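Peer 1: Give me a model of this one.
(chains A, B and C)
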Amino acid sequence: MRSQAPLRACGALLDYKTVKFALTRNRRVGLLHRLLQLGVLGYVLGWVLLARKGYQDTDRAPRAAVVTKMKGAAVAEAVGKGRRLWDAADYARPPQGENVLFLVTNFIATAQQSQGTCPESPSVLDAVCTEDADCPVGNPVVHGIKTGKCVMFNTTHSTCEIYGWCPVENNTVPRKPLLAEAENFTLFIKNTVHFTKFNFSKCNALQTNDPTYFKSCTYDPFFNRSCPVFRVRDMVEAAGETFGDLALLGGSIGVRIEWDCDLDHPAAQCQPQYSFSLQDRRYNFRTASYYWDSQRRLYRNLLKLYGIRFDISVHGQAGKFSIIPAAVSFGTGIAFFGAATVVCDLVLLYLDAKADFYWKEKFEEFTRSQKTLVE
Amino acid sequence: MRSQAPLRACGALLDYKTVKFALTRNRRVGLLHRLLQLGVLGYVLGWVLLARKGYQDTDRAPRAAVVTKMKGAAVAEAVGKGRRLWDAADYARPPQGENVLFLVTNFIATAQQSQGTCPESPSVLDAVCTEDADCPVGNPVVHGIKTGKCVMFNTTHSTCEIYGWCPVENNTVPRKPLLAEAENFTLFIKNTVHFTKFNFSKCNALQTNDPTYFKSCTYDPFFNRSCPVFRVRDMVEAAGETFGDLALLGGSIGVRIEWDCDLDHPAAQCQPQYSFSLQDRRYNFRTASYYWDSQRRLYRNLLKLYGIRFDISVHGQAGKFSIIPAAVSFGTGIAFFGAATVVCDLVLLYLDAKADFYWKEKFEEFTRSQKTLVE
Amino acid sequence: MRSQAPLRACGALLDYKTVKFALTRNRRVGLLHRLLQLGVLGYVLGWVLLARKGYQDTDRAPRAAVVTKMKGAAVAEAVGKGRRLWDAADYARPPQGENVLFLVTNFIATAQQSQGTCPESPSVLDAVCTEDADCPVGNPVVHGIKTGKCVMFNTTHSTCEIYGWCPVENNTVPRKPLLAEAENFTLFIKNTVHFTKFNFSKCNALQTNDPTYFKSCTYDPFFNRSCPVFRVRDMVEAAGETFGDLALLGGSIGVRIEWDCDLDHPAAQCQPQYSFSLQDRRYNFRTASYYWDSQRRLYRNLLKLYGIRFDISVHGQAGKFSIIPAAVSFGTGIAFFGAATVVCDLVLLYLDAKADFYWKEKFEEFTRSQKTLVE
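Peer 2: Residues are numbered from 1 along each chain as shown, chains lettered A, B, ... in the order given. Predicted coordinates for the structure are as follows:
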């Protein structure tokens, strides 16, 4: 008997087998079933297809190119040093215009340092001393190596003598930012994204032939979204800070450019969103420039720079209709219809008043039906 | 009757219930069913398993380390300044060899600027004036702050006097790039990727003990893929530009390194793809170096640098057979077989000539069959 | 007959149709079915829900901000140049504290280079010559352009004369690193991640009001995870290298900060993992500073810097319970129950001793049952 199975299977290859259903006139379970089906349908259409755009193929890793340029000039009045004009070559670091850039708003200059011995700054806690024994020879402190002597720093403080760059930096920050006018400087952020999967490129700046356009416009989230020239103060305020506070001791502002493009719509609708957030309060670093005097002795000018660091990151995704993800989204949606049936069956077989009767009808016993045929 | 249900459920735990099918000899629907099943099978095998490698676990976020080095030397003839040799320490900025680097091909030098007053450049539109009233005191222009006077810039132009770094920069770009020979410079890009999920590392450069290898080889997409030393002109041309155009006013070239590794194959087949694209025409920035004269007066040398910026980005993914994604891909594929059945059922029950008969057979009514048994 | 179909379909909308099963008392297949179901259940609960946390929505692209600061001072004894103290402004490049930074541990200084002619270094292989004919005019070598003459470099070597920056760099690396004490320097890495999807931010450093805390603490993976101040030697050793080896000729260390946050748990448990790996042995670059003498002749001081480059990358993901991914994970899990049934059916219909009998019962023929009704 069994040997016939493969043969028959071949012959009956084109027979269509459809699942047998048992029809119940149970309106309550029927209603439940329809409601569940409606829910699944709503989920598939509403969430998967409309909200999540499950019918689209997406590219989440665009190539992003960022070029930045700071503009503006301001006069700063340093105590005892006269007025000085600062332009972009002075206050922007690094000058290249990368995606992390730094605007100097305050600084402490220590000119003409050379290698030698001098008293450590009294603001360094473990350099304060009363006798030579407090200064073990060779111990490193912040600005150099202790020489073993305890010397007068000024009339009120004694500190360990050190070998290092002398004189040491004066640690007192000015009370107000030197470059307070930097709030009116502008930052031009040119960002191009390229979605390789769809070979689609977009730039955040207007494609214009007018060379003066970007010299005069300013970004406005409602009226002028195609001019990515941001005022420094606007950016700081969008991050929830006031410029004066950050300018004094420095800070770090994150600039996030977010592209969310639906390429089934016209390309003009694909516009970036800009958001600003405070990453860090207090930001400074030291940099030095070196020179030699006529006796070939090495000197340096040390600058401790305070300022605002802008950290620009680009994120993006683009979606476009594609048959494969559409099929997958649709297919997994359909799988949920099966789940609706499972729930209804459980209700029918375990919770309904006539459960026992339904059970017998649904699960038709082989042995019983065989007997019936024989009789 | 209902109270027996749980008991019986326990006892019959090992009964196997198989779905009852109604067998129809309807060849048309049967054929349709088989065709749909073949389509699904083709999709599962062809697309999910072969094209998309759905049986693999993937790592799409490799650690990537990029170290770059520019090499080459060329003599540039500056008008009125004699010849000068440029080497990598002169033309590569920043010198560290990061993933964004800049090759100077042209520049405007403004030597010995100091703080003072001088006429603004006539190329700044809102600095052109005919009388003092055109120059409101304190207004910032590009290179400084207006002092309120209108002065002669040269014999033909009058401009507002400014306070700032003087003299102001001469705005005329040379007609041909100073460093035209930079097209023969080479850029060595060493890139290591590490796929943490599979603990697999690969470098784009040949692992060799010959220290001179990378000094003499050049990248060739067909014959020499393990020598990532790129000629600057080749890169510019691969981005669809000519070197001369970009060198004059600068530009930005994106270099994308793409790793797509199938770790089920030998590691030697895992090779990166390089692609080059133009990100931006016109690229320049200003940088200054400062010095003091014998009277301790601050001077700076300002350089406006034009050149080619290379922006290197690394993307990668690696796949390796894993039982879980294989099961998921297979499982979701199977779900589509169910969809084929749904389609055929709809045809059978609504479009077929004997639909009504099939309907009755498929949906066996509980009440009716009960009666039949009773009779 | 067919025209009634739509009508009946509408009327019977609330009829519940449940799949008819054929109940077999086949214990072997029943057991197989239960085992497969248990396996699927184990997979869904164990893997999808617990191991992969399939019930969570995840954010894999956090905004990450990295600010670094090197600290420490050491005295280096250069041969014939006396002792010199190095502090952060001297050895850290670039000074801004970005996510790629470089610690100078060794260098070759070439002071007072100016444009002129001089013999090329004998370490450049194609510059070694015996007569003028070996030096074609205009050929570029490493440090300049050949002038066509073959001259004595020292008593033992003759090399081509070049036009370029003269004298050329001396190519011999010191036998031991100049800044061997740099192993005790510390690197402070402040990293803030922000998961935009959940509006959740976390910093790797303790939020403290004690300004001296980060001046005295050091990172320890077991006892002090909230003080991200790393000793240079610890980092090099965690990457599997010894400091002395890397310091001599330079190297590149990758620092990876990995956040894996389960936001269903308290935020305090969300702590980063640090890992260190060697990216590259040998790392150096050249940088120059320029100056003019009293005759306005251009000079430069060239530095070839060897050292350790730290490349910090941040990766992260956060998960939080969400109803949609929970439903999807659950739904796809359920789909596997169907696969279990398919396997059992195949066993029952093709491998079982009574396969033929089961076949007939499972696939009830329309035609046959019709005849039965007619009879």
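
Peer 1: All the strands of the stretch 151-300 of chain A, in order from the start?
Peer 2: Along the stretch 151-300 of chain A, counting by DSSP state E, counting those that start in this stretch, strands occupy A:158-166, A:186-195, A:200-203, A:229-231, A:251-262, A:273-281, A:284-292, A:298-321.

Peer 1: Skip ahead from the last one and say which helix or strand is next.
Peer 2: Spelled out, it's strand A:298-321. Using DSSP states H and E, the next helix or strand after strand A:298-321 towards the C-terminus is helix A:323-346.

Peer 1: For that following helix, name the packing helices and strands.
Peer 2: Helices and strands touching helix A:323-346, as assessed by 3 or more CB pairs under 8 Å, 6 or more residues apart in numbering or on different chains; DSSP states H and E, comprise helix A:27-42, strand A:56-59, helix B:323-346, strand C:16-19, helix C:323-346. C-beta: built from backbone N, CA, C; applies to glycine.

Peer 1: Kindly export it (C-alpha atoms) in CSV.
Peer 2: What follows is helix A:323-346 as a C-alpha-only set of coordinates in CSV (Å, rounded to 0.1, in the frame of the first residue of the first chain):
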residue,chain,number,x,y,z
ILE,A,323,9.1,45.2,-4.5
ILE,A,324,11.1,43.0,-2.1
PRO,A,325,10.6,44.9,1.2
ALA,A,326,7.0,45.5,0.2
ALA,A,327,6.5,41.8,-0.2
VAL,A,328,8.3,41.1,3.1
SER,A,329,6.2,43.7,5.0
PHE,A,330,3.0,42.4,3.5
GLY,A,331,4.0,38.8,4.2
THR,A,332,4.8,39.2,7.8
GLY,A,333,1.6,41.2,8.2
ILE,A,334,-0.3,38.3,6.7
ALA,A,335,1.3,36.0,9.3
PHE,A,336,-0.6,37.9,12.0
PHE,A,337,-4.0,36.9,10.4
GLY,A,338,-3.0,33.3,11.4
ALA,A,339,-2.5,34.5,15.0
ALA,A,340,-6.0,35.9,15.0
THR,A,341,-7.4,32.5,14.1
VAL,A,342,-5.4,30.8,16.8
VAL,A,343,-6.9,33.1,19.4
CYS,A,344,-10.5,32.5,18.2
ASP,A,345,-9.9,28.7,18.1
LEU,A,346,-8.8,28.8,21.7
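
Peer 1: Distance from the chain centre to it, please.
Peer 2: For helix A:323-346, the separation from the chain centroid amounts to 35 Å (computed by CA atoms, centre = their mean, to the nearest Å).

Peer 1: Please identify the buried residues of it?
Peer 2: Under the neighbour-count criterion of 16 or more other CB atoms under 10 Å in any protein chain shown, helix A:323-346 has A:325-341, A:344-345 buried.

Peer 1: what about residue A:199, how many neighbours?
Peer 2: Residues lying near residue A:199 (other CB atoms under 10 Å in any protein chain shown) number 7.

Peer 1: Also residue A:280?
Peer 2: 18.

Peer 1: tell me the contacts of it?
Peer 2: Contact analysis of residue A:280 by CB atoms under 8 Å, 6 or more residues apart in numbering or on different chains lists A:251, A:252, C:65, C:67, C:190, C:192.

Peer 1: which residue sits closest to the residue of the stretch 51-200 of chain A found nearest chain C, ignoring its sequence neighbours?
Peer 2: Here the stretch 51-200 of chain A gets closest to chain C at one residue, residue A:164, 4.2 Å apart by CB to the nearest CB. Distance criterion CB to CB, 6 or more residues apart in numbering or on different chains; nearest residue to residue A:164, sequence neighbours excluded, is residue A:144 at 2.3 Å.

Peer 1: which parts of the stretch 1-150 of chain A sit against chain C?
Peer 2: A:1-2, A:4-5, A:8, A:15, A:17, A:19-27, A:29-31, A:33-34, A:43, A:47, A:93-94, A:100, A:102, A:115, A:125, A:140-145 (CB under 8 Å from any CB of the partner chain).

Peer 1: Drop anything exposed from those residues.
Peer 2: A:15, A:17, A:20-24, A:26, A:29-30, A:33, A:43, A:47, A:93-94, A:100, A:102, A:115, A:140-145.

Peer 1: and residue A:352, how many residues sit next to it?
Peer 2: 18.

Peer 1: how much space between it and residue A:364?
Peer 2: 18 Å (CB to CB, to the nearest Å).

Peer 1: swap in residue A:144?
Peer 2: For residue A:144, the distance to residue A:364 - CB to CB - is 94 Å.
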